[in-house]
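J.: Build the 3D model from these lines:
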Amino acid sequence: MNIKLERIIEDIETLATFNATPGKGVTRLSFTKEDKEAREYIRNRMEEIGLKTWEDGYSNLFGRKEGKDLNAPVIMIGSHFDSVINGGPFDGVAGLVTALEVARVLVENDVDHHYPIEVVAMNDEEGVRFGTGLSNSRAMIGAMDEAELDSAVDKDGISLRQAMLDFGITPNLEDAKREKGSIKAFLELHIEQGPILEDEGKEIGLVETIVGIDKYDCVFKGNSGHAGTTPMVDRRDALIGAAEFALAINRIVRKVGEGTVGTVGEFNISPNAPNVIPGQVQMSIDIRSGKDENIKKVEKEMMEELKRIGDSLNLETEIKKSLYVPPVNMSEEIIGIMEEKVKELGYSYKRMDSGAGHDSMIMAEIAPTSLIFVPSKDGLSHHPDEWTDYEAIKKGVELMLKTVVELGREGL
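T.: Model (predicted):
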């Protein structure tokens, strides 16, 4: 069965052109013009292959190749095609293009399989526009509610529900939901987004655990005032509180250790003027760990520090959890199949954990799930210079194809 590298390259490079920031990396946010352009390209590719296409009630785009048993649970493969702002061309897209190429090869070689195969293209994994994330997969497992469609808003105040309606999709979360048992396996390929495979000279990563993610939005409120006439003793400077809290989070995470990481990636300062004391600061917090107990430790100490800082600086504070996903183990059975197949292919590999969140961690709640990593050059991702060699992706496609064929056998 012949995997064609030129098709992989064409798909990745073409999808990179559907971009709001040409020359400054890839920016393709959910329910935008760039989303629609990429979606039409993907749909056309699916239909050229001969897949039956449709969208569910959250906007997940599917292409289905029937199996011998039309009513059997499906093997689902794919990934996301949205991006961060000024990101790279491979994040998510490498996995989606892998799924398209696997489907092409199966059709071209008239490969029989008992179970239906569905390629899925998801447009809201990063969560950049509405501040949520992993939304497509959360909709599929029934973990998104109607309230979120209205409460999640972008920087212009447009709700997720309104954006979907403007995009031409009527939200229907019940329609998007997949029942447990309806998916035989969920398989995803992704660039590693870290340096481990490259540093160790490994060609393939087989993910055992995806770290848990705990996200918060936090606000410090004080009083704005003149930068020259307000005595230091009388100031209620929101930025001082936010900065002290960011440093406290760093200390707490380092103390907890065991691979736990924490990031304050966003500060929004108001009024954000050089000669005005900041009256309000909104900040984002992202905590990740492979151990749920470590996430809980960070949360406990973080809340204690927030209260202490607010009291000591006479500031009002608000904090709201925006996303929580516990650490998730991938299917040991499927990892075992992949391990056997990667040895057949003769590629070097390692079992490893993922420090980034992926739709696989959500889908694992309703289906056996597995995640393949391919190396990222210099470990760089979410950056315009993000790069993974096309030959490295092809090796991942070969492993995915062999795994799908094996899982597709009747009785397995």
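J.: neighbours around residue 113, how many?
T.: When neighbours are defined as other CB atoms under 10 Å, residue 113 has 21 of them. Every C-beta, even on glycine, is put in place using the N, C-alpha and C of the backbone.
J.: Contacts only, for it.
T.: 67, 68, 75, 106, 404, 405, 408, 409 (CB atoms under 8 Å, 6 or more residues apart in numbering).
J.: Quick check, pLDDT for the fourth one.
T.: Think residue 106. Looking at residue 106, its pLDDT reads 98.
J.: And for the last one?
T.: Per-residue pLDDT puts residue 409 at 94.
J.: wait, it sits on residue 114?
T.: Yes: the pair residue 409 and residue 114 qualifies as a contact (CB atoms under 8 Å) at a distance of 6.3 Å.
J.: So for these two, which sits in the more crowded spot?
T.: Just comparing residue 409 and residue 114: by other CB under 10 Å the higher neighbour count belongs to residue 114, 16 against 11.
J.: what helix or strand is that one on?
T.: Assigned by DSSP states H and E, residue 114 belongs to no helix or strand.
J.: Please give the element, helix or strand, for the closest residue to it other than its chain neighbours.
T.: Sequence neighbours aside, residue 410 is the residue nearest to residue 114 in space, at 3.7 Å (criterion: CB to CB, 6 or more residues apart in numbering). Using DSSP H and E, residue 410 is not contained in any helix or strand.
J.: Wait, residue 410 touches residue 68, no?
T.: Yes: counting by CB under 8 Å, residue 410 touches residue 68, with 7.1 Å between them.
J.: quick one: contacts for residue 51?
T.: Residue 51 neighbours (CB under 8 Å, 6+ apart): 63, 64, 65, 103, 119.
J.: now the residues you listed in JSON lines, with secondary structure and distance to residue 359?
T.: Below are those laid out as JSON lines (DSSP: H, G, I helix; E, B strand; the rest coil; distance: CB to CB, whole Å):
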{"residue": "63", "secondary structure": "strand", "distance to residue 359": "17"}
{"residue": "64", "secondary structure": "strand", "distance to residue 359": "18"}
{"residue": "65", "secondary structure": "strand", "distance to residue 359": "20"}
{"residue": "103", "secondary structure": "helix", "distance to residue 359": "18"}
{"residue": "119", "secondary structure": "strand", "distance to residue 359": "13"}
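J.: Going by distance to residue 2, which of those residues wins?
T.: residue 103 (14.1 Å; CB to CB).
J.: Could you identify the most distant pair in the contacts of residue 51?
T.: That would be 64 and 103, which, of the contacts of residue 51, are the farthest apart (CB to CB) at 9.4 Å.
J.: neighbour count winner among those two?
T.: Ranked by neighbour count (other CB under 10 Å), residue 64 and residue 103 place residue 103 first, with 25 against 18.
J.: re the thing from before, got any residues that touch both of residue 410 and residue 68?
T.: The contact sets of residue 410 and residue 68 overlap at residue 114 (CB under 8 Å, 6+ apart).
J.: Okay, domains of the chain per the record?
T.: The chain breaks down into these domains under automatic domain parsing: 5-211+327-407, 212-325.
J.: Can you tell me which of the ones you listed is most buried?
T.: Among the domains of the chain, domain 5-211+327-407 has the highest mean neighbour count (mean count of other CB atoms under 10 Å), at a mean of 20.
J.: All the helices of the stretch 301-412 of the chain, in order from the start?
T.: Taking DSSP state H, counting those that start in this stretch as the test, the helices found in the stretch 301-412 of the chain are 332-345, 359-363, 390-407.
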